[in-house]
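In: predicted structure and sequence below. I'll ask about it afterward.
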Amino acid sequence: MFDVATTKVHDETRQGEAFAPFAIDPTLYQRRFYIESYGCAMNFSDSEIVASILQGEGFGATRNVEDADLIFVNTCSIREKAEMTVRKRLTEFRKLKKRRPGMLVGILGCMAERLKAKLLEEEKLVDLVIGPDAYRTLPDLIKEADGGQKGVNVLLSRDETYADISPVRLNSNGITAFVSIMRGCNNMCSFCVVPFTRGRERSRDAASIVQECRQLFDDGYKEVTLLGQNVDSYYYQSTAPLNLPGGETSLPHKGQLNRETAKESNTLQSPPSELVSSHTGGGREGAITFARLLEMVALISPDLRIRFSTSHPKDITDDVLHTMKKYENICKYIHLPLQSGSTRMLQLMNRSYTREWYKAKVDRIKEIMPDCALSSDVIAGFCTETEEDHQETLSMMAYVKYDFSYMFFYSERPGTLAQRCYEDDIPLDVKKRRLQEIVDLQGKLSHQSNREDLGKTFKVLIEGESKKDEHFWKGRNSQNKVVIFPKGAFSYKAGDYAEVHVTSCTQATLIGEIVN
């Protein structure tokens, strides 16, 4: 059960995951590094950037903390549970450091900025504190720490995107990969610490994104997930001709929206049923919106699947929806955080939309893409939430029929607008009871969604063997649903696409068989 509100998606199976060493790496390293990561996909993506920087300095990865000369914990401030886990791990590493005095321990990411003084001076748990925009300074900070000083850099940047650094994908299955397209966030949701720990929003050079995705495909990857705190607000003004897939230098602009028009189409009014005829988004020559970036990546190859996370309901445009519909390899799945179904609560959360506006956005998505799956984030027990507010959240969930959701009860985070201005006045037992009602409803919705897929056939990307039975494959369909099916006598391998006919299901999984 989760206890802290967030707009970022956490994969619980990866929390505390340590990087594996390179599968084939003959280099004899003088020093080894160990990284544990917590939090959202962006943190795991950042760890790959850090690994690249360290490798460039002659450090090698290890999964055995006992062998490490450098230990880093990439941290998350979104959830109280994650902070408690990180503190426990740092205490354990301090004991290890006493046995190995030359070892350095550092924290990366969101906790670094918020708790630097406590962790460095008061609790003396770490030697290095590096914020999410300061990873380039790691080599110099390590030298300082080697000399007995504390290495600290938590400065936030208005332009750092690490666009020129090729991530080291140490823990990848070789099939799916994360690609960061932007950093920071300009949405000041009252419950969220991200704008304070990751800084203002800035978009990465579009050409470098396309190049990274193309390289991944050339290396055998079959799926990329474009990452950002709010991918729909991606906007990059290119000053040079774009080197696009297929050798073209520009994309068609017929009927395209410029950025201002795109924003105007997402006011708090209900979205009109007739918006753009454009399917690429953009505007002025060289202006790259998220819709246009999606198309650029989709054009790399029809065999490369594209996902993205996370969307903000106020920013996702018809351009994006039409682009998703146009390209089969752009997955028909949107994570569209609701947070609350009550307009009063949404206003207190500073979410910039109303209950009615959100419903209209969902209707528009379903109108353009009837087969599009939706997931959400839902918070129980935010400040002053009444039973009526809670019931409005339940009724909104029932209206949308989310395929799955990430559900939390609210826990106050230091430094947020809510912490400064509102009283966390909902008793814990009430929060837990409301959360359980949300979880129970989502369980029913998920099961019903899966039952509706019985008898259907889906194109499934095989990601690997089922953890429960090596005779079964596990993969996902375009709607991001997990599909399990027997290998049979077929010669499929991980990374292949298979047509799978669904014969049964559980609440969380579709079960099927390969179609000849």
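Out: Sure, I can see it. Only a predicted model underlies this, so the values are computations on that prediction, with no experimental measurement involved.
In: only C-alpha atoms for contact and neighbour calcs from this point on.
Out: OK.
In: could you pull up the mean pLDDT of the host helix or strand of E92?
Out: According to DSSP states H and E, E92 maps onto helix 80-99. The average of the pLDDT scores along helix 80-99 is 84.
In: which residues sit against the helix or strand following it?
Out: Sequence-wise, the next helix or strand downstream of helix 80-99 (DSSP H and E) is strand 104-109. Strand 104-109 is touched from outside by 43, 69-76, 93-94, 97, 125-132, 145-146, 197, with contacts defined as Cα atoms under 8 Å, 6 or more residues apart in numbering.
In: what is the orientation angle of strand 104-109 with helix 80-99?
Out: Per axes from the mean of the first three to the mean of the last three Cα atoms, to 10 degrees, the angle that strand 104-109 makes with helix 80-99 is 160 degrees.
In: okay, and for the stretch 1-150 of the chain, where does confidence drop off?
Out: 1-28, 77-82, 122 (pLDDT under 70).
In: returning to what we had before: if any of the contacts of strand 104-109 are buried, put those into a PyMOL selection.
Out: Selection of buried members from the contacts of strand 104-109 for PyMOL, criterion 16 or more other Cα atoms under 10 Å:
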select buried, resi 43+69+70+71+72+73+74+75+76+93+94+97+125+126+127+128+129+130+131+132+145+197
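In: still on that earlier bit, not counting its own residues, what contacts the helix holding E92?
Out: With Cα under 8 Å, 6+ apart as the test, helix 80-99 has contacts from 3-4, 38-39, 66, 73, 75-77, 103-105, 111, 125-126, 411, 413.
In: might you report the residue contacts of E160?
Out: Contacts of E160 by Cα under 8 Å, 6+ apart are 133, 202.
In: how much space separates it from V231?
Out: The gap separating E160 from V231 is 16 Å, by Cα to Cα, to the nearest Å.
In: in helices only, show me the contacts of strand 104-109.
Out: Among those, DSSP state H puts 43, 93-94, 97, 145-146, 197 in helices.
In: with distance to K444 added, can I get these in CSV?
Out: What follows is the ones in helices among the contacts of strand 104-109, written out as CSV (distance: Cα to Cα, whole Å):
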residue, distance to K444
N43, 31
F93, 43
R94, 45
K97, 49
A145, 53
D146, 55
T197, 36
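In: determine which two of the residues you listed are furthest apart.
Out: For the ones in helices among the contacts of strand 104-109, the farthest-apart pair by Cα to Cα is K97 and T197; their separation is 27.8 Å.
In: returning to that earlier point: may I have the helix holding E92 as CSV, with CA atoms only?
Out: Presented in CSV, the C-alpha positions along helix 80-99 are these (Å, rounded to 0.1, in the frame of the first residue of the first chain):
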residue,chain,number,x,y,z
GLU,A,80,8.0,9.1,2.7
LYS,A,81,8.4,5.3,2.4
ALA,A,82,11.2,5.8,-0.1
GLU,A,83,13.0,8.3,2.1
MET,A,84,12.8,5.9,5.1
THR,A,85,14.2,3.1,2.9
VAL,A,86,17.1,5.2,1.7
ARG,A,87,18.0,6.3,5.2
LYS,A,88,18.1,2.7,6.3
ARG,A,89,20.4,1.8,3.4
LEU,A,90,22.7,4.7,4.1
THR,A,91,23.0,3.5,7.7
GLU,A,92,24.0,0.1,6.5
PHE,A,93,26.5,1.5,4.1
ARG,A,94,28.1,3.6,6.9
LYS,A,95,28.8,0.3,8.8
LEU,A,96,30.4,-1.1,5.6
LYS,A,97,32.5,2.1,5.2
LYS,A,98,33.9,1.6,8.7
ARG,A,99,35.4,-1.7,7.5
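In: distance from the chain centre to that helix, please.
Out: Helix 80-99 has its C-alpha centroid displaced from the chain centroid by 25 Å (Cα atoms, centre = their mean, to the nearest Å).
In: same question, stretch 176-188
Out: Its chain's C-alpha centre and that of stretch 176-188 lie 7 Å apart, by Cα atoms, centre = their mean.
In: got the end-to-end distance for that stretch?
Out: From its first residue to its last, stretch 176-188 covers 31 Å (Cα to Cα).
In: returning to that earlier point: now, the contacts of helix 80-99 that are in strands?
Out: Among those, DSSP state E puts 73, 75, 104-105 in strands.
In: on that earlier part again, out of the ones in helices among the contacts of strand 104-109, the closest to D363 would be?
Out: The nearest member of those to D363, counting by Cα to Cα, is N43 at 32.5 Å.
In: roughly how far apart are that closest one and M396?
Out: 31 Å.
In: before we move on, what about S311?
Out: Distance from S311 to M396, counting by Cα to Cα: 18 Å.
In: next: E385.
Out: Per Cα to Cα, E385 is found 15 Å from M396.
In: and what of G56?
Out: 50 Å.
In: which one's more surrounded, these two?
Out: It is M396, of G56 and M396, that has more neighbours when counted by other Cα atoms under 10 Å, with 20 against 11.
In: I'd guess G443 is in a helix, am I close?
Out: Yes. Under DSSP: H, G, I helix; E, B strand; the rest coil, G443 falls within a helix.
In: for the residue lying closest to it once chain neighbours are set aside, phi and psi?
Out: Leaving aside its chain neighbours, G443 sits nearest to Q507 (6.6 Å; criterion: Cα to Cα, 6 or more residues apart in numbering). Main-chain dihedrals, Q507, degrees, to the nearest 10: phi -60, psi -30.
In: and Q507, what does it touch?
Out: 443-444, 446-448, 450.
In: swap in 7 Å and give it another go.
Out: Neighbouring residues of Q507 by Cα atoms under 7 Å, 6 or more residues apart in numbering: 443, 446-447, 450.
In: for Y235, see how far away A291 is.
Out: In terms of Cα to Cα, A291 sits 10 Å off from Y235.
In: between those two, who's got more neighbours?
Out: Ranked by neighbour count (other Cα under 10 Å), A291 and Y235 place A291 first, with 27 against 23.
In: what helix or strand is the residue nearest to that one when sequence neighbours are not counted on?
Out: Excluding the flanking residues, the one nearest A291 by Cα to Cα, 6+ apart is V320, at 4.5 Å. Using DSSP H and E, V320 falls within helix 318-326.
In: mean confidence score for the helix or strand just after that helix?
Out: Per DSSP H and E, the first helix or strand lying C-terminal to helix 318-326 is strand 333-335. Averaged over strand 333-335, pLDDT sits at 98.
In: show the subsequent helix or strand relative to strand 333-335.
Out: That would be, after strand 333-335 and using DSSP H and E, helix 343-348.
In: next helix or strand past that next one?
Out: Using DSSP H and E, the first helix or strand after helix 343-348 is helix 355-368.
In: buried residues in that following helix, which are they?
Out: 355, 357-366.
In: turn those into TSV, including distance to A498 and pLDDT.
Out: Shown next, in TSV, are these (distance: Cα to Cα, whole Å; pLDDT from 0 to 100):
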residue	distance to A498	pLDDT
R355	39	98
W357	38	97
Y358	35	98
K359	35	98
A360	35	97
K361	33	98
V362	30	98
D363	31	98
R364	30	98
I365	27	98
K366	26	98
